[in-house]
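Enquirer: Dropping the sequence and predicted coords here.
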Amino acid sequence: MSNSEVIPDEQDSTTIRNWVRFHLWDQVPVRIAVIGRDYKILEANRAFTDSYGDWADRTCYSVYKGRTKHCSTCNAADSFVDGQTRVREELGLVTDGQQTSYLVRVVPIVQPDGSIPYIIEMSTDITATKILEKEKLEAERLAVVGQTVAGLAHGVKNLLMGLDGGMYMARSGIEKGNPERLAEGWEVLEDAAARITFFVKEFLEFSKGRTPTVVLADPNEPAHQVVEMFVESARLAGIHLEADLQPEIAPAFMDPDGIHTCLTNLVSNAIDACETSETGGRNVKLSTREEGGVITYQVADDGTGMEYDVKKKIFTNFFSTKASGKGTGLGLLTTSKIVQEHGGKVSFESTKGKGSVFSLIFPRNRLPLPLDEETEERCPLNDPAPN
């Protein structure tokens, strides 16, 4: 506030209203712009001008993003149509060319006759917050990676002992001219080598920074593929695996391979839980649902379930309840990471002796969009439900 802009006496309500009307517009730290139906900016406050520079007779997409054409997804366009207020996160460019993240609220100005000649966009810079969120997730991921190294080394060490045994059997088979012993030793070698490969690949997949390959996909397709992949092996193990997929869920922006990996981990765990169950639970169900703009995958089993101490560890440490050599303890950690990359969350309920239910919850308004071909940056997030 400049020295000439004196706050009026608080007892003078008329003066206060006038001061708010003529000065608050330029004093608030929120960037405000008024946009017409041709997407040109008609008026903007001081914070907007300081951030984006000259806006006169320019379109919002050229000022915000340096684009030469209309954005592929546009809250303003939608609000001009339905008159709804919207909020979402955006990526843009400020005057020095640096990329910025901001939270923008789009408010349509609806006339008495129902027409909408203008919308007001109010945005707040959240770049620092997004950087902190990214650094926090990266620090958590690296911390878990560090914790997994010791467990991974222990698992590989055990498998190396298997390699030693297999080499001994194969060598003695050669020396004694015993092809059966040689074949048996070779089989041990192949099994140990395959398990080491599995351990290392799963660890690398978890530890490396992974960018989702996002496309507009059928949410049911990964679920259908996973059930098809496991249904026969589950049947041979005496386990009933079924799919309960809600029909006609609209396509959504997601990484189908990543979702496939998540569901593979959950279904595999559920089948293992049923195989080791002492209570006779032999059923696994993978279901999909969408309600209120939230897509949910759910994997339920009536297997062994988990005790309290186990439930505390499954997402926070290198931990596996599987037999030695069957799991690295990275499956649920990998699942959690992929779900976070999609703006979702993992929840679960489990009771010892009764089974477990794992849910992957994806609000559509937080799903990432594909890379923009023009800017090579991720497009803004999908629209949340109107306020």
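Expert: Thanks, I have it.
Enquirer: From now on I want contacts and neighbour counts done on CA atoms only, so please keep to that.
Expert: OK.
Enquirer: Go ahead and list the helix or strand containing residue 244.
Expert: Using DSSP states H and E, residue 244 maps to strand 240-245.
Enquirer: partner strands of that strand, parallel or antiparallel?
Expert: Within its sheet, strand 240-245 is paired with strand 283-291 (parallel), according to DSSP bridges.
Enquirer: after the strand it pairs with, next one along is what?
Expert: strand 294-301.
Enquirer: on that earlier part again, sheet-wise, list the partners of the following helix or strand past the strand holding residue 244 with their directions.
Expert: Next helix or strand after strand 240-245 toward the C-terminus (DSSP H and E): strand 252-254. Applying DSSP bridges, strand 252-254 is found paired with strand 215-217 (antiparallel).
Enquirer: And residue 278, how close does it get to residue 98?
Expert: Separation of residue 278 from residue 98 (C-alpha to C-alpha, to the nearest Å): 59 Å.
Enquirer: so what's the closest residue to residue 235 other than its chain neighbours bridging to?
Expert: Leaving aside its sequence neighbours, residue 235 sits nearest to residue 241 (C-alpha to C-alpha, 6 or more residues apart in numbering; 7.5 Å). Per DSSP bridges, the residues bridged to residue 241 are residue 284.
Enquirer: ok, now the one 4 residues further on?
Expert: The residues listed as beta-bridge partners of residue 245 by DSSP bridges are residue 288.
Enquirer: Check residue 31 too.
Expert: The partner residues for residue 31, given DSSP bridges, come to residue 123.
Enquirer: Stretch 94-109: which residues count as buried?
Expert: The neighbour-count check on stretch 94-109 (16 or more other C-alpha atoms under 10 Å) flags 94, 100, 101, 102, 104, 105, 106, 107, 108, 109 as buried.
Enquirer: ok, now stretch 220-229?
Expert: So stretch 220-229, judged by 16+ other C-alpha under 10 Å, has buried residues 220, 222, 223, 224, 226, 227.
Enquirer: now those as TSV including distance to residue 118, pLDDT and secondary structure?
Expert: Output for the buried residues of stretch 220-229, formatted as TSV (distance: C-alpha to C-alpha, whole Å; pLDDT from 0 to 100; DSSP: H, G, I helix; E, B strand; the rest coil):
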residue	distance to residue 118	pLDDT	secondary structure
220	39	96	helix
222	42	93	helix
223	43	95	helix
224	45	92	helix
226	48	90	helix
227	50	91	helix
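Enquirer: May I see the buried residues of stretch 353-370?
Expert: Residues of stretch 353-370 classed as buried: 353-370 (neighbour count, 16+ other C-alpha under 10 Å).
Enquirer: Would you mind checking the average pLDDT for the helix or strand where residue 107 lies?
Expert: Residue 107 is part of strand 99-109, with elements assigned from DSSP H and E. Strand 99-109 shows a mean pLDDT of 87 in the predicted model.
Enquirer: How about stretch 357-373?
Expert: Mean predicted lDDT for stretch 357-373 stands at 85.
Enquirer: CA atoms of that stretch as PDB?
Expert: Taking C-alpha atoms only, stretch 357-373 is exported to PDB below (Å, rounded to 0.1, in the frame of the first residue of the first chain):
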ATOM      1  CA  VAL A 357     -10.100 -55.200   1.400                       C
ATOM      2  CA  PHE A 358      -7.700 -52.900  -0.400                       C
ATOM      3  CA  SER A 359      -9.100 -49.800  -2.300                       C
ATOM      4  CA  LEU A 360      -7.400 -47.600  -4.800                       C
ATOM      5  CA  ILE A 361      -9.300 -44.300  -4.900                       C
ATOM      6  CA  PHE A 362      -8.900 -41.800  -7.800                       C
ATOM      7  CA  PRO A 363     -10.800 -38.500  -7.800                       C
ATOM      8  CA  ARG A 364     -11.100 -37.500 -11.500                       C
ATOM      9  CA  ASN A 365     -10.200 -33.900 -10.700                       C
ATOM     10  CA  ARG A 366      -6.700 -35.000  -9.500                       C
ATOM     11  CA  LEU A 367      -5.800 -37.400 -12.300                       C
ATOM     12  CA  PRO A 368      -2.800 -36.100 -14.400                       C
ATOM     13  CA  LEU A 369      -3.300 -35.200 -18.000                       C
ATOM     14  CA  PRO A 370      -1.000 -36.100 -20.900                       C
ATOM     15  CA  LEU A 371       1.900 -33.900 -21.900                       C
ATOM     16  CA  ASP A 372       0.900 -30.800 -23.900                       C
ATOM     17  CA  GLU A 373       2.300 -31.100 -27.400                       C
END
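Enquirer: count of residues packed around the residue nearest to residue 235?
Expert: Neighbour count for residue 241, taken as other C-alpha atoms under 10 Å: 23.
Enquirer: Just give me the residue right at the centre of this structure.
Expert: Using C-alpha atoms, centre = their mean, the residue of the chain that lies closest to the mean C-alpha position is residue 342, 1.9 Å off.
Enquirer: can you list contacts of the helix or strand encompassing residue 269?
Expert: Using DSSP H and E, residue 269 sits in helix 256-275. Contact with helix 256-275 is made by 212, 214-215, 217, 219, 221-223, 225-226, 230, 234, 237, 239, 280-284, 286, 299-305, 322, 331-332, 334-335, 338-339, 355-356, 358, as judged by C-alpha atoms under 8 Å, 6 or more residues apart in numbering.
Enquirer: Just the buried residues of these.
Expert: With burial judged by 16+ other C-alpha under 10 Å, the buried subset of the contacts of helix 256-275 is 212, 214-215, 219, 222-223, 226, 230, 234, 239, 281-284, 286, 299-305, 331-332, 334-335, 338-339, 355-356, 358.
Enquirer: least trustworthy helix or strand in this structure by mean pLDDT?
Expert: helix 308-313 (a mean of 59; mean pLDDT, DSSP states H and E).
Enquirer: which residues sit against the strand holding residue 107?
Expert: Identification of contacts with strand 99-109 by C-alpha under 8 Å, 6+ apart yields 75-76, 79-80, 83-94, 116-127, 130.
Enquirer: Surely residue 91 forms part of a strand?
Expert: Yes: counting by DSSP: H, G, I helix; E, B strand; the rest coil, residue 91 is found in a strand.
Enquirer: how many neighbours does it have?
Expert: For residue 91, the count of nearby residues is 19 (other C-alpha under 10 Å).
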